[in-house]
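A.B. asks: Predicted model and sequence follow; I will ask about them next.
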Amino acid sequence: MARPRTPVGAYGSIAVRRRGERTTAEARIRDADGRVRHVRVTARTAAQARLVLKERLLNRPAFGSTRVLIPQSSFTDLVEVWLADLDLQPLTEGTKQNYRDQVRLHVLPAFEHYTLAEITTGRAEWFLKSQAAISSSRARQSRTLLNLLFGFAMRHDAVSRNPVAGTSPLRHPKSQPKALTLEQIAAIRLAAANWRTQPGLPGPKPDGQVRDIIEVLLGTAMRTGEVLAIRPCDVDDRPTRMVVAVTGTVVQRKGKGAFRQDRPKSEASIRWIPVPEFAAMVLRRRIVGLDETRTIFANRKGDPLSPYNVRRTFRDLLIEAGLADSGISLRWYRRTGATVIARGMGSDAAAAFLGHSSTAITEGHYIERDRTLDPTPATHLERTLRPDRPDGALLTMAPAEGEDEVLAIADDDPDAGAVA
């Protein structure tokens with residue numbers, strides 16, 4: 001009977017010999033290209049020689065990949081190789097850091113003591129259910145990461161199937177995204193206008209930037225990071241209407257602070273937005289005398305404002321407005337704009353205005369992009385949300401067809417300005 005072939009990545013018995021004052025350890029290993037090679041190391045003692053040889057055998061070049069992955073590889077090995085490959089992927093640094101954090105905090109601790117062959121569908125099911133008991137969002141993120149990891153393992157022939165594929169569908173609790181009411185908008189506007197204006201308060205006087213940011217959010221339905229990234233060169237103040245180009249976002253990273261990233265959340269997010277007059281007035285006032293390439297909203301050093309600080313100040317405004325327990329966040333401004341446009345023009349128009357990919361896929365791949373701008377969304381936003389005599393008729397209408405789906409996507413948008 002023929003001797004069984006050594007599996008790829010496996011090595012034979014280790015031979016140790018003493019040669020003078022040095023000890024040699026050697027073994028034969030079948031490398032990733034299928035060839036058997038002889039590996040030899042020397043050290044001062046037999047124990048050291050064995051240890052060095054084992055490290056050398058485990059970290060052999062994979063002749064096309066960074067390390068050999070086999071069913072007996074540990075889940076930790078898979079994570080290390082996948083993270084190394086992640087660094088080479090054309091993703092934003094924020095996305096990469098989010099993946100790293102999710103794997104380190106939630107996924108790796110659950111499977112670090114298993115080999116890849118030991119991670120069954122049942123174990124993946126148990127893990128995802130335990131994550132869902134904490135939050136549906138965490139369970140979805142963990143499922144995404146496991147699919148990415150095991151897809152990578154399958155491409156490297158370490159597993160024959162993805163154990164996540166047979167797990168139960170994750171249930172997403174149905175929630176009703178809410179828009180701001182005109183009363184809430186007015187209360188926050190008043191609080192922003194009066195915030196820290198009382199005489200005798202310590203510290204510098206407020207510069208009104210957060211007050212102006214929420215006006216631009218209300219008039220454009222942009223993400224917070226997109227508003228913070230607007231530069232004078234992105235503003236085209238035409239005779240008929242102001243238009244703003246969304247070409248980037250402000251993000252905040254540990255150890256780096258806030259900076260402008262020269263692309264927004266996705267390709268669909270790169271867009272031109274017609275601006276209603278109440279928001280255009282804010283931008284006109286802010287860009288006077290500014291350098292064309294710096295952000296309109298900036299700190300005293302001229303650097304982009306920190307999204308974290310903007311959100312913190314906004315929470316103070318909610319307290320001032322008597323809305324501390326309302327659950328309102330800056331994201332509600334995006335929902336409000338989406339609601340107004342969906343009821344005035346339909347859900348497809350709202351999705352396109354928000355920069356969602358639902359309509360952009362068709363437009364980008366099958367229809368030549370129309371470079372003309374429809375001013376109707378800005379007209380609806382101006383009439384409904386202007387500070388002076390707003391008309392709330394659209395907000396009192398019944399939801400448009402497909403509105404819930406558009407608002408749910410807007411509500412689930414990761415804030416590009418979030419701290420990683």
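C.D. replies: Perfect, I can see it now.

A.B. asks: Check the spacing between L290 and K301 real quick.
C.D. replies: When distance is defined by CB to CB, to the nearest Å, L290 is 14 Å away from K301. Yep, even glycine has a C-beta here, placed from its N, CA and C like the rest.

A.B. asks: nearest spatial neighbour of L53, skipping sequence neighbours?
C.D. replies: The shortest distance from L53 to any non-neighbouring residue, by CB to CB, 6 or more residues apart in numbering, is to A25 (4.2 Å).

A.B. asks: Likewise for A221?
C.D. replies: Spatial nearest neighbour of A221, chain neighbours left out: G337 (2.7 Å); criterion: CB to CB, 6+ apart.

A.B. asks: would you say the residue nearest to L53 is within a strand?
C.D. replies: Yes: according to DSSP: H, G, I helix; E, B strand; the rest coil, A25 belongs to a strand.

A.B. asks: That one pairs with what?
C.D. replies: V16, V41 (DSSP bridges).

A.B. asks: Is it correct that it is in contact with H38?
C.D. replies: No: using CB atoms under 8 Å as the test, A25 is too far from H38 to be in contact (11.9 Å).

A.B. asks: Dihedrals phi and psi, R161?
C.D. replies: According to degrees, to the nearest 10, the main-chain angles of R161 amount to phi -150, psi 160.

A.B. asks: residues contacting it?
C.D. replies: Neighbouring residues of R161 by CB atoms under 8 Å, 6 or more residues apart in numbering: M154.

A.B. asks: Correct me if wrong, but F278 is in a helix.
C.D. replies: Yes: looking at F278 with three-state DSSP, it is inside a helix.

A.B. asks: For it, give me its contacts.
C.D. replies: For F278, the contact set (CB under 8 Å, 6+ apart) comprises E215, G219, E382, L385, R386, P387.

A.B. asks: same thing but 7 Å
C.D. replies: By CB atoms under 7 Å, 6 or more residues apart in numbering, the contact list for F278 reads E215, G219, E382, R386, P387.

A.B. asks: sorry, back to before: settle it for me: which of L290 and K301 has more neighbours?
C.D. replies: The residue with more neighbours, out of L290 and K301, is L290; 15 against 6, by other CB atoms under 10 Å.

A.B. asks: nearest spatial neighbour of the more buried one, skipping sequence neighbours?
C.D. replies: Of all residues not flanking L290 in the chain, P232 sits nearest, at 5.1 Å (CB to CB, 6+ apart).

A.B. asks: out of the contacts of F278, which are buried?
C.D. replies: Buried subset of these (neighbour count, 16 or more other CB atoms under 10 Å): E215, G219, E382, R386.

A.B. asks: Count the residues that sit near R286.
C.D. replies: R286 has 20 neighbours, counted by other CB under 10 Å.

A.B. asks: And the helices in the stretch 151-300 of the chain?
C.D. replies: 182-194, 209-220, 224-228, 277-287 (DSSP state H, counting those that start in this stretch).

A.B. asks: Also the stretch 1-150 of the chain?
C.D. replies: According to DSSP H, counting those that start in this stretch, the helices that the stretch 1-150 of the chain contains are 46-58, 75-86, 93-102, 108-111, 121-134, 136-155.

A.B. asks: could the ones you listed go into TSV alongside mean neighbour count and distance to T396?
C.D. replies: Below are the helices of the stretch 1-150 of the chain laid out as TSV (neighbours: other CB atoms under 10 Å; distance: least, CB to CB, whole Å):
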stretch	mean neighbour count	distance to T396
helix 46-58	16	67
helix 75-86	18	48
helix 93-102	16	38
helix 108-111	17	48
helix 121-134	16	37
helix 136-155	18	31
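
A.B. asks: got the ones you listed as TSV, with distance to R30 and mean pLDDT columns?
C.D. replies: Formatted as TSV, the helices of the stretch 1-150 of the chain follow (distance: least, CB to CB, whole Å; pLDDT from 0 to 100):
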stretch	distance to R30	mean pLDDT
helix 46-58	11	86
helix 75-86	18	92
helix 93-102	33	85
helix 108-111	27	95
helix 121-134	29	94
helix 136-155	20	93
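
A.B. asks: Go through those helices and name the closest to A279.
C.D. replies: A279 sits nearest to helix 93-102 of all the helices of the stretch 1-150 of the chain, at 26.3 Å, using CB to CB.

A.B. asks: Next, the angle helix 75-86 makes with that closest one.
C.D. replies: Put simply, helix 93-102 runs at 180 degrees to helix 75-86, going by axes from the mean of the first three to the mean of the last three CA atoms, to 10 degrees.

A.B. asks: Check what contacts stretch 17-33 and list those residues.
C.D. replies: Against stretch 17-33 from outside (CB under 7 Å, 6+ apart): 6-16, 36-46, 49-50, 53, 57, 60, 62-63, 68.

A.B. asks: What average pLDDT does that stretch get?
C.D. replies: Here stretch 17-33 scores 86 as its mean pLDDT.

A.B. asks: now swap in stretch 386-403 and tell me
C.D. replies: Averaging pLDDT along stretch 386-403 yields 87.

A.B. asks: so who does the residue nearest to A221 touch?
C.D. replies: Contacts for G337 (CB under 7 Å, 6+ apart) come out as L218, T220, A221, L381.

A.B. asks: Pipe the helices of the stretch 1-150 of the chain into CSV and attach distance to M281 per row.
C.D. replies: Converted to CSV, those look like this (distance: least, CB to CB, whole Å):
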stretch, distance to M281
helix 46-58, 65
helix 75-86, 44
helix 93-102, 32
helix 108-111, 51
helix 121-134, 45
helix 136-155, 38
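
A.B. asks: Go through those helices and name the closest to Q198.
C.D. replies: That would be helix 93-102 among the helices of the stretch 1-150 of the chain, by CB to CB, at 38.4 Å.
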